[in-house]
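[1] Build me a model:
(chains A and B)
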There are 2 protein chains.
Amino acid sequence: MGLIVQKFGGTSVGSVERIGQVADKVAKFRAQGHDLIVVVSAMSGETNRLIDLAHAVQERPVPREMDTLISTGEQVTTALLSMALDVRGVKAKSYNGSQVRILTDDAHTKARIREIDDKRLRAGLDEGYVLVVAGFQGVDEHGNITTLGRGGSDTTAVALAAALKADECQIYTDVDGVYTTDPRVVDGARRLDRITFEEMLEMASMGSKVLQIRAVEFAGKYQVPLRVLHSFKEGPGTLITLEDATQMETPTIAGIAFNRDEAKLTILGVPDMPGIAHKILGPIGDANIEVDVIVQNTGEDKHTDFSFTVSRTDLPRAMDVLQSVAGQIGAREVRSDARIAKVSVVGVGMRSHAGVASQMFAALAEVGINIQMITTSEIKISVIIEEKFLELAVRSLHSSFGLDKEPNDEGAA
Amino acid sequence: MGLIVQKFGGTSVGSVERIGQVADKVAKFRAQGHDLIVVVSAMSGETNRLIDLAHAVQERPVPREMDTLISTGEQVTTALLSMALDVRGVKAKSYNGSQVRILTDDAHTKARIREIDDKRLRAGLDEGYVLVVAGFQGVDEHGNITTLGRGGSDTTAVALAAALKADECQIYTDVDGVYTTDPRVVDGARRLDRITFEEMLEMASMGSKVLQIRAVEFAGKYQVPLRVLHSFKEGPGTLITLEDATQMETPTIAGIAFNRDEAKLTILGVPDMPGIAHKILGPIGDANIEVDVIVQNTGEDKHTDFSFTVSRTDLPRAMDVLQSVAGQIGAREVRSDARIAKVSVVGVGMRSHAGVASQMFAALAEVGINIQMITTSEIKISVIIEEKFLELAVRSLHSSFGLDKEPNDEGAA
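    Sure, this is the predicted structure:
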């Protein structure tokens, strides 16, 4: 028994029937004696319907009014779920962002939460209600309605859990947890019982889009235990926690992440002098192109080669920028390659275990995969390889690091 | 130049195109230098869509959640109209009931307005915005969302006009004003330039459903000049005001109202003793049946006849109740007649002009219409007649009281 914040996304509440299924699940937790705050998104399709209406009125809708408009989607769901809970004999009460009061800054359509007033929610819990809160929205200090942007409902859930010091924040999704890698690529991919916030961040940024990065960062910062579960299947899901000191044998590697949405640019024969990286990447940033991996080799002959990756959709624009930069700085040549992929091994365990990098490179060499770029962080090693080798690389690494095997038989919390 | 509150109903904002037309109209008033508050309903169909969703979840939806649900409809319109105004270069800002703050009691789905905070609206006007306010909704003192029930948006408009001491409250509808009688019945029916609140109330209660009675009462109480206009046609509409002392020649009669939705019940041979009316109507009221005209004749032989009218749809239930009452009080017989109609002449002028009643009865006698029941108030005389004579009666009265003729040629304000 404790306080649990649960979050259900648009697909989970996409119809009256699904709202009923969510109500069943919530009622079951309630029957176990938990205090519950349930955060919901708009019914799937509803937000797009509203956005279409806005665009039919105005090409670039006034952001303040856009927020007023689309925030109604979540409010509708809170009312319907509260009714569905009432049908099941569970006292429930809906709250929109203003009623909670979720105070945000005034950056309409991408506001950041500043403060959550827990007074009304505490009162509601004390009166024995299940609180159904509209995700994705808040109000600024002048009472204007704001929305939090993509993944905002996850953020709402984590923020409420932090503000009310919930025992757990459960994010219900269409997957039953976080996996060692994509099960569509590796048959032996396993659901992880636990993963650390840092590992989750690295996995998430690589395309494992189970959770919004922002929500994970938030949960990590405020130490909110976060659990990813399937909306309609039973199961313990994956618990995302701080590094657990009680776990004596932290597995070295949590999982293998990958991403095939990037493209590589290389500028050859760059004069090797201070400020050259800025001269290359400055104009790229000015063009609003995000850069991921950056590698510069030590040069010989006062010249160096400089490579970086961008999103594939940005490649043509990045090439244009880079061609003109190359002329200005007197570089020899610019090359690009869209047929690349990034593969990473992720794990807090690599901090204390030497040899992860060499094991990774050995595994790739064994199956004949050439590494084009390498970049490392404290808990992640990423390589850029030819795209056609992606599946082979992921499978080799998954097996090389023993991820196919079940770890010690400890169940999930 | 002054402050005008304008209200547009669901049909007027029923599509993106219509919202655009409303925005054109508002922009035109704005260009004339007026300060404007625009009250809007939900897009037609939207409230029903939401109610259907609620009923799919719960047979009798929790009233608090019903209000949370359906209040989103108006909020959507406020955002879209604000965008449409922005497109036209008019600075506009949406406000929901909580943002205004329209404080109501906590009677969900039929709340009454208690107080309107004019601070935020004044600030918005001072900053040069057109304020687009969600009709039909408010918040109770605990911040719960409430709705005002049928015709609530008219009430919102009038209440805002009263709170901000607006120069005029304009209600845009699908008719171009209030008529001397129904133009479908009498070719010569004329639009009235002016009508008093009291006359409007009597006309409205008789089926001239241009305005919600509640809004008219409210406007009368707070002396808000109210104007009924057509949403998409040009024209001065009808101004509803206090009795205007500057008008030397108040026409005797403002109009002829009628209603064919009623049925008559008569209980014959009722013992004539104190409390008998209560014994008859008490059980009718307990059955939630509303009674309109009530007539009791002075009895002879210690017995009396008692008649009243109810809505036709309530007739079968009313008969059941009355049969059982008749047995208990020892009445002789119960009769009913659904083929009746009520015709009324309405006008504050009849206060000071004797002979209106006799002129009315003479006009009906002249065309051979028998009067079944008569009831009078200070500014209205109503008769119950056989339904088939309704059109004939209305035409005769319209002509007899000179309503076909144009009054003095003073234009509308």
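[2] got the contact list for the nearest residue to residue A:142 once chain neighbours are set aside?
    Nearest non-adjacent residue to residue A:142, counting by Cβ to Cβ, 6 or more residues apart in numbering or on different chains: residue A:106, 7.5 Å away. C-betas here are computed from N, CA, C, even on glycine. Residue A:106 makes contacts with A:140, A:141, A:142, A:144, A:146, as judged by Cβ atoms under 8 Å, 6 or more residues apart in numbering or on different chains.
[3] Pull the number of nearby residues for the third one.
    When you say that, I think you mean residue A:142. Other residues within reach of residue A:142, judged by other Cβ atoms under 10 Å in any protein chain shown, total 9.
[4] So what does residue A:341 look like in phi/psi?
    The phi and psi values for residue A:341, taken as degrees, to the nearest 10, are phi -140, psi 160.
[5] doesn't residue A:382 make contact with it?
    No: contact criterion Cβ atoms under 8 Å: residue A:341 and residue A:382 do not qualify, at 10.4 Å.
[6] OK, contacts around residue A:390?
    With Cβ under 8 Å, 6+ apart, residue A:390 has these contacts: A:185, A:258, A:260, A:341, A:343.
[7] so the last one sits right up against residue A:394, yeah?
    Pointing back at residue A:343 there. Yes: assessed by Cβ under 8 Å, residue A:343 is found in contact with residue A:394 at 6.1 Å.
[8] any idea whether whatever residue of the stretch 251-400 of chain A ends up closest to chain B is helix, strand or coil?
    Nearest residue of the stretch 251-400 of chain A to chain B, counting by Cβ to the nearest Cβ: residue A:288, 25.4 Å away. Following DSSP: H, G, I helix; E, B strand; the rest coil, residue A:288 is assigned to coil.
[9] roughly how far apart are it and residue A:310?
    Distance, residue A:288 to residue A:310, using Cβ to Cβ, to the nearest Å: 11 Å.
[10] neighbour count winner among these two?
    residue A:310 (23 against 8).
[11] Just give the closest residue to the more buried one, not the sequence neighbours.
    Excluding the flanking residues, the one nearest residue A:310 by Cβ to Cβ, 6+ apart is residue A:318, at 4.9 Å.
[12] Assumed the one you found was part of a helix.
    Yes: counting by three-state DSSP, residue A:318 is found in a helix.
[13] show me what contacts residue A:181?
    Residues in contact with residue A:181 (Cβ under 8 Å, 6+ apart) are A:189, A:255, A:256, A:257, A:258, A:394, A:398, A:403.
[14] count of residues packed around the closest residue to residue A:150 other than its chain neighbours?
    Counting by Cβ to Cβ, 6+ apart, residue A:150 lies nearest to residue A:212, which is 6.8 Å off, once chain neighbours are set aside. Residues contacting residue A:212 under the criterion other Cβ under 10 Å number 20.
[15] Now do the same contact list for residue A:212.
    Shown in contact with residue A:212 (Cβ under 8 Å, 6+ apart): A:150, A:151, A:154, A:155, A:204.
[16] Kindly report the same for residue A:160.
    The contact partners of residue A:160, by Cβ under 8 Å, 6+ apart, come to A:5, A:37, A:39, A:100, A:116, A:121, A:133, A:166, A:169.
[17] about what we covered before: next, the residue of the stretch 251-400 of chain A closest to chain B: phi, psi?
    For residue A:288, the backbone dihedrals (degrees, to the nearest 10) come out as phi 60, psi 30.
[18] avg pLDDT for the helix or strand where residue A:365 lies?
    Per DSSP states H and E, residue A:365 falls inside helix A:356-366. Mean pLDDT, helix A:356-366: 89.
[19] and that helix, what other elements does it pack with?
    Packing partners of helix A:356-366 (3 or more Cβ pairs under 8 Å, 6 or more residues apart in numbering or on different chains; DSSP states H and E): strand A:380-386, helix A:390-400.
[20] so which of the contacts of residue A:212 comes closest to chain B?
    When those are compared for distance to chain B (Cβ to the nearest Cβ), residue A:150 wins out at 19.9 Å.
[21] Now do that closest one, the pLDDT please.
    Confidence score, pLDDT, at residue A:150: 76.
[22] how would you label it: helix, strand or coil?
    Put simply, residue A:150 is coil when judged by three-state DSSP.
[23] what number of residues lie near it?
    Close neighbours of residue A:150, defined as other Cβ under 10 Å, add up to 14.
[24] what's it sitting at in phi/psi?
    Phi and psi for residue A:150, reported as degrees, to the nearest 10, are phi -50, psi 130.
[25] Residue A:292 now?
    Per-residue torsions, residue A:292: phi -100, psi -90 (degrees, to the nearest 10).
[26] My read is that it contacts residue A:312, right?
    No: using Cβ under 8 Å, residue A:292 is not in contact with residue A:312, being 11.2 Å away.
[27] Residues that sit against both of the two, list them.
    Counting by Cβ under 8 Å, 6+ apart, the residues touching both residue A:292 and residue A:312 are residue A:262.
[28] what's the neighbour count on the residue lying closest to residue A:110 once chain neighbours are set aside?
    Closest residue to residue A:110 apart from its sequence neighbours, by Cβ to Cβ, 6+ apart: residue A:149 at 3.8 Å. Residues near residue A:149, counting by other Cβ under 10 Å, number 16.
[29] Now do the same contact list for whichever residue of the stretch 101-250 of chain A sits closest to chain B.
    For the stretch 101-250 of chain A, the residue positioned closest to chain B under Cβ to the nearest Cβ is residue A:143, at a distance of 5.5 Å. Counting by Cβ under 8 Å, 6+ apart, residue A:143 touches A:98, B:98, B:99, B:120.
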